[in-house]
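Asks: quick one: sequence and predicted model below, then my questions.
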There are 2 protein chains.
Amino acid sequence: MATVPGARIRVSPLGGVGEVGKNSTLLEFGDNLILVDAGVKFPETELHGVDLVVCDYGYVAERLDNLVGIVFTHGHEDHIGGLPYLIMQLDPHDPIPIYGTPLTLGLISVKLKEHGMLGRVIQYAIQEGQRAKLGPFELEPIAVNHSIPDAVGLVIHTPVGTVFHTGDFKFDPTPVEGRTTDNDRLRRLGDQGVLVLLSDCVRVEQSGWTASESAVRDALEQLIGKAPGRVLVTTFASNIGRLREVVRSAHKLGRKTAVVGRSMEENLRVARELGFMDIPEGSLLELREINELPPDQIVLLSTGSQGEPTSVLSRIARGDHPLVKIQPNDTVIFSASPVPGNEESVARSIDNLFRRGARVIYQMIDPRVHVSGHASREELRHLLDLVRPQYLVPLHGEHRMLWLFRELAVENGMPPENVFVTEIGDVVAFWPEGGEREEPIPSGSMLVDGLTIGEVTNVVLRDRRRLAADGVLFVSVTLDRETGELLSGPDFVSRGFLQLDAADDGLFDEARERVTVALEGDERRRPDVSYLVGKVRDTLNSFVYERTRRRPMILPVVTEV
Amino acid sequence: MATVPGARIRVSPLGGVGEVGKNSTLLEFGDNLILVDAGVKFPETELHGVDLVVCDYGYVAERLDNLVGIVFTHGHEDHIGGLPYLIMQLDPHDPIPIYGTPLTLGLISVKLKEHGMLGRVIQYAIQEGQRAKLGPFELEPIAVNHSIPDAVGLVIHTPVGTVFHTGDFKFDPTPVEGRTTDNDRLRRLGDQGVLVLLSDCVRVEQSGWTASESAVRDALEQLIGKAPGRVLVTTFASNIGRLREVVRSAHKLGRKTAVVGRSMEENLRVARELGFMDIPEGSLLELREINELPPDQIVLLSTGSQGEPTSVLSRIARGDHPLVKIQPNDTVIFSASPVPGNEESVARSIDNLFRRGARVIYQMIDPRVHVSGHASREELRHLLDLVRPQYLVPLHGEHRMLWLFRELAVENGMPPENVFVTEIGDVVAFWPEGGEREEPIPSGSMLVDGLTIGEVTNVVLRDRRRLAADGVLFVSVTLDRETGELLSGPDFVSRGFLQLDAADDGLFDEARERVTVALEGDERRRPDVSYLVGKVRDTLNSFVYERTRRRPMILPVVTEV
């Protein structure tokens, strides 16, 4: 492409820096916008009651006419799951052009269908080796290995230079699908010159190279082969390559596989329709048929690798599943590692399975049963050696990872000032001779709770935290509007505070007396309601704290009749 | 000791099986009770607002006159921290005899003093090599290595045989205090015959041997030596050996150390008084003096290794500390691993320190900076080889660890039926020819919140969870007692529900209308208040769910005047 003097390419992470999850990166050239991925994040525990966290796409919403496309690198939730909530943030509009490989689009379609949004987009299939024109950008997908098939990195050719966005990736020399990260193309890209590398770095803390997926396949096959009875394997529902290999291994060993769990069944259906699930005829069976075969001819593939309480495996672990009860000689394999934040729920599932008599194998006691889909430290170095970018913006990592990738790049010879560690909404502009920070754009996160998006705010969350810690105490008082005389109450209702038998505990009796005295002793004639509400709250706050050392939220209602 | 025909020794874990923390084991011989340890556990996040979890000591409380003593193996919170709450569960009583090594008793005294309970116990110092008589038991402490000095295992000689309780331990061949786990005595004990081994197994998932504490000392010394500026080291406040070695290394390298954080300063004071803190004259300095020396002559030892939000290090990481601000060239070393459940808070501290420009070194990127205080798998095998017990009861582990230790013991030649995996309150009785389960005893956990113990029940917790998830909606209505006419309301107060501007949102207007219609449309003449409360709740429940897909707790108050 011919370079345009004075032009710049602007890069803004809207998510995926400082936090794992909700990955989304905005690129701007002139007025034209291109968005790479739109992820969703499952909230930390302190986000009480919040179902999902997505990016604030307000900046994109205001420039919707200039959005040349949304490009997806692969079909994981933290890259595609935010699309319906992005669409919710937009005014009604002509269908938006979205781009992805066939499996990625297949998984996106399931999601959009659930939300009744299929008509809000036009889908364009892309694949490695074929270029696509998006406004002033030319898009060139490159095959990468990740823990889901059909993943790509994106070369984005722009009038000021080449940007390479890795997506999520690793360099697996022996992937089970036989499709490796395209080393040759990356090296040629480096020869031709890359202006900016935008790179996944979530596994930079791990030294060396990530082990190959084929090692997991071999380990699982060996464990299934040695198991005396049934084998339950749980893994991520999206790891279609691993699901396929388990089914094949089981078949080879004379076992049939039943797949259970809604998300896994759904992914399997999409993968089969699109040709990503090449398994032998008759290798599957229905869950209801599993008691018709001897235990040593059965493999169960199930959801629940993260200890999700409503998952199939958690129900089996609790003894709550109608069809599957743990039997002596059952082997359960956790072919997954806990996503940060899920450590306790996973541990609980494992504990419960041991309690019921299963032999449980998990990564801590057999490291071979899972590998990450991300590049470790030496692979990131290998990437830098291939691509030799002028500038680097680490993505998809928590803050410490971005800094560690910067250290690695500097160690590898990049000038420190050419590596930009960013926060969400930061803007870095690049042109053939340089790169610099510009003013950040409006950005942030939106909380999804129930049917609504954005209505759970920090105030609501602060209240929920306080309610969770000490509960709530309501007090209602009815006064005569004319005389100020106490007609009824104070009456108390508390929840989440103390287990008090209101009948025999002196606490509320004394509280009633204190409030009555406070109201009656007031010097002001006909004080207004908000003054009285404040007075009741202050009286109770100090009384309750003094007596219990707790601070329930105190909510008075003063009614005048 | 002469054996007594028909007599049995009964072992009951009151805590510390199925859960890490709150370790406490009861032994009974005839009427005589001996308690080993009384720990406290920091609650999981779903125990909203609960400060601490301790064992239910009701069974002991009813047999207090027969309690011959409480013996403590070492001074960690999860072994001594429950003592004040145990005392709270007892009726007023003569002082209870407690036994521990000097440092353990020193740390217990600090705790009892804070609770004004020093007079509730009589302290007896024990030490390795000296036997003590406790009713029908003879107690023989044995030196063990752990991540706190002065830790012991307990040989309990009983009329029916020998019990060995390991306490928390590892076999460190080169401990920094020069006091190793007493291999010789353990081997002789095995030669003489051990009826029951009660053993720590929290690290059974880890293959091999735990690395030595002296490797940590060397690594820290090397990192401090290479650091260009200040070094902040954070570790567990109770790891007195490590604190001492950091001070010594710093001194050797021409640096002075400031110790910050209440618990660390307190532990240091106790350790110095009791002779466990042999450090060179002039090696310490006060925090307020740190700006008087050049950065490369400073080491800061601080609390906060678990990312506790109120700790010194977290405040430094957030930029909130009045005296310590992160400077370029600062190095922060996390000489600790996150306790399960603290992964996210630790990660946040590390992220924030990177953000402020510190170079942060933690176990993930440099495994040498911390070692566990517990025995790994091969050390547990070594223990079994030394002690050769007739029976084994795994302790101090989550459920999966108890089972894995059982697997290990069976692999090592023990008959499976001789290993008892227990739940809290289970009783296993042993006599010279055998062992069997008996009826469980009353047991469980007590929740400590604010000033009270046991008043936060499952009902309270369930309400807190619901409040945390969806908030609360309070509705108040005032009716005429005679006519049933609506005098005031419905008025709404909500917290933690939605961020609604009550003035302009139609939700509450419509809710008001629905409730009014429900109340006015009622066919019953003068219905009672509880009926009306139910009716208001049902009306609002379905209306709110239909409109928002959320279920806030709905609390109506109907007042009649």
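Replies: Right, received. Where do you want to start?
Asks: quick check: what element follows the helix or strand of chain A with the lowest mean pLDDT along the chain?
Replies: Between all helices and strands in chain A, the lowest mean by mean pLDDT, DSSP states H and E belongs to strand A:452-453, at a mean of 70. Under the assignment DSSP states H and E, the closest C-terminal helix or strand after strand A:452-453 is helix A:458-470.
Asks: what about that next one, near chain B?
Replies: Yes - contact between helix A:458-470 and chain B, assessed by CB under 8 Å from any CB of the partner chain, occurs at A:459-461, A:463-470. Quick note: C-beta positions are derived from backbone N, CA and C, even for glycine.
Asks: now do that helix: everything it contacts.
Replies: Surrounding helix A:458-470, the residues in contact under the criterion CB atoms under 8 Å, 6 or more residues apart in numbering or on different chains are A:46-50, A:447, A:496-497, A:550-553, B:48-49, B:464-465, B:467-469, B:471-472, B:495-499.
Asks: okay, residue A:320: pLDDT?
Replies: On pLDDT, residue A:320 comes in at 91.
Asks: so how far is residue A:417 from it?
Replies: Taking CB to CB, to the nearest Å as the measure, residue A:320 falls 57 Å from residue A:417.
Asks: show me where the stretch 201-350 of chain A has its strands.
Replies: Across the stretch 201-350 of chain A, reading from the start of the chain, the strands by DSSP state E, counting those that start in this stretch fall at A:231-234, A:256-260, A:298-302, A:331-334.
Asks: with respect to burial, which of these scores highest?
Replies: strand A:231-234 (a mean of 28; mean count of other CB atoms under 10 Å in any protein chain shown).
Asks: tell me what it is packed against?
Replies: helix A:213-226, strand A:298-302, helix A:312-318, strand A:331-334 (3 or more CB pairs under 8 Å, 6 or more residues apart in numbering or on different chains; DSSP states H and E).
Asks: list the contacts of residue A:478.
Replies: Under the criterion of CB under 8 Å, 6+ apart, the contact list for residue A:478 reads A:486-489, A:558-561, B:478, B:488, B:559, B:561.
Asks: now the nearest residue in space to residue A:270 that is not next to it in sequence: which helix or strand?
Replies: Leaving out its chain neighbours, the residue that sits closest to residue A:270 by CB to CB, 6 or more residues apart in numbering or on different chains is residue A:106, at 4.5 Å. With secondary structure defined by DSSP H and E, residue A:106 is part of helix A:102-114.
Asks: could you identify the helix or strand that succeeds that helix?
Replies: Following helix A:102-114 in sequence, per DSSP H and E, is strand A:121-125.
Asks: list the pairing partners of that next one within its sheet, with orientation.
Replies: Strand A:121-125 has the following sheet partners, assigned by DSSP bridges: strand A:96-100 (parallel).
Asks: extract the C-alpha set from the strand it pairs with and format it as PDB.
Replies: Written as PDB, here are the backbone C-alpha positions of strand A:96-100 (Å, rounded to 0.1, in the frame of the first residue of the first chain):
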ATOM      1  CA  ILE A  96     -23.100  -4.400  10.800                       C
ATOM      2  CA  PRO A  97     -20.500  -6.300   8.800                       C
ATOM      3  CA  ILE A  98     -18.700  -8.900  10.900                       C
ATOM      4  CA  TYR A  99     -15.800 -11.100   9.800                       C
ATOM      5  CA  GLY A 100     -14.600 -14.400  11.100                       C
END
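Asks: hmm, residue A:424 is touching residue A:23, no?
Replies: No - no contact is recorded between residue A:424 and residue A:23 when judged using CB atoms under 8 Å, the distance being 10.8 Å.
Asks: so between those two, which is more surrounded?
Replies: residue A:23 (30 against 21; other CB atoms under 10 Å in any protein chain shown).
Asks: ok, for the more buried one, nearest residue in space, not its chain neighbours?
Replies: For residue A:23, the spatially nearest residue (CB to CB, 6+ apart) is residue A:16, at 3.4 Å.
Asks: farthest pair within the contacts of residue A:478?
Replies: The distance between the two most remote of those (CB to CB) is 14.9 Å, for A:486 and B:488.
Asks: which parts of stretch A:437-447 are buried?
Replies: Counting neighbours by 16 or more other CB atoms under 10 Å in any protein chain shown, one finds that the buried residues in stretch A:437-447 are A:441, A:443, A:445-447.
Asks: please apply the same query to stretch A:248-267.
Replies: If you call a residue buried by 16+ other CB under 10 Å, then stretch A:248-267 has these buried ones: A:248-251, A:253, A:255-261, A:264, A:267.
Asks: columns distance to residue B:125 on top of these, output as JSON lines?
Replies: JSON lines is the format used below for the buried residues of stretch A:248-267 (distance: CB to CB, whole Å):
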{"residue": "A:248", "distance to residue B:125": "66"}
{"residue": "A:249", "distance to residue B:125": "61"}
{"residue": "A:250", "distance to residue B:125": "62"}
{"residue": "A:251", "distance to residue B:125": "67"}
{"residue": "A:253", "distance to residue B:125": "62"}
{"residue": "A:255", "distance to residue B:125": "62"}
{"residue": "A:256", "distance to residue B:125": "66"}
{"residue": "A:257", "distance to residue B:125": "63"}
{"residue": "A:258", "distance to residue B:125": "62"}
{"residue": "A:259", "distance to residue B:125": "63"}
{"residue": "A:260", "distance to residue B:125": "59"}
{"residue": "A:261", "distance to residue B:125": "58"}
{"residue": "A:264", "distance to residue B:125": "60"}
{"residue": "A:267", "distance to residue B:125": "63"}
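Asks: from the residues you listed, pick the one nearest residue A:229.
Replies: Distance from residue A:229 was checked for each of those by CB to CB. The minimum falls on residue A:255, at 10.8 Å.
Asks: so the closest one sits against residue A:300, correct?
Replies: No - Residue A:255 lies out of contact with residue A:300 (CB under 8 Å); the separation is 10.1 Å.
Asks: what's the overlap in contacts for those two?
Replies: When contacts are counted by CB under 8 Å, 6+ apart, residue A:255 and residue A:300 are jointly contacted by residue A:231.
Asks: show me what from the stretch 101-250 of chain A comes close to chain B.
Replies: By CB under 8 Å from any CB, the residues of the stretch 101-250 of chain A that approach chain B are A:205-207.
Asks: could you turn the buried ones of those into a ChimeraX selection?
Replies: To isolate the buried members of those in ChimeraX, using 16+ other CB under 10 Å:
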select /A:205,206
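Asks: among the residues of the stretch 101-250 of chain A next to chain B, which one sits closest to chain B?
Replies: Nearest to chain B, judged by CB to the nearest CB, of these is residue A:205 at 4.6 Å.
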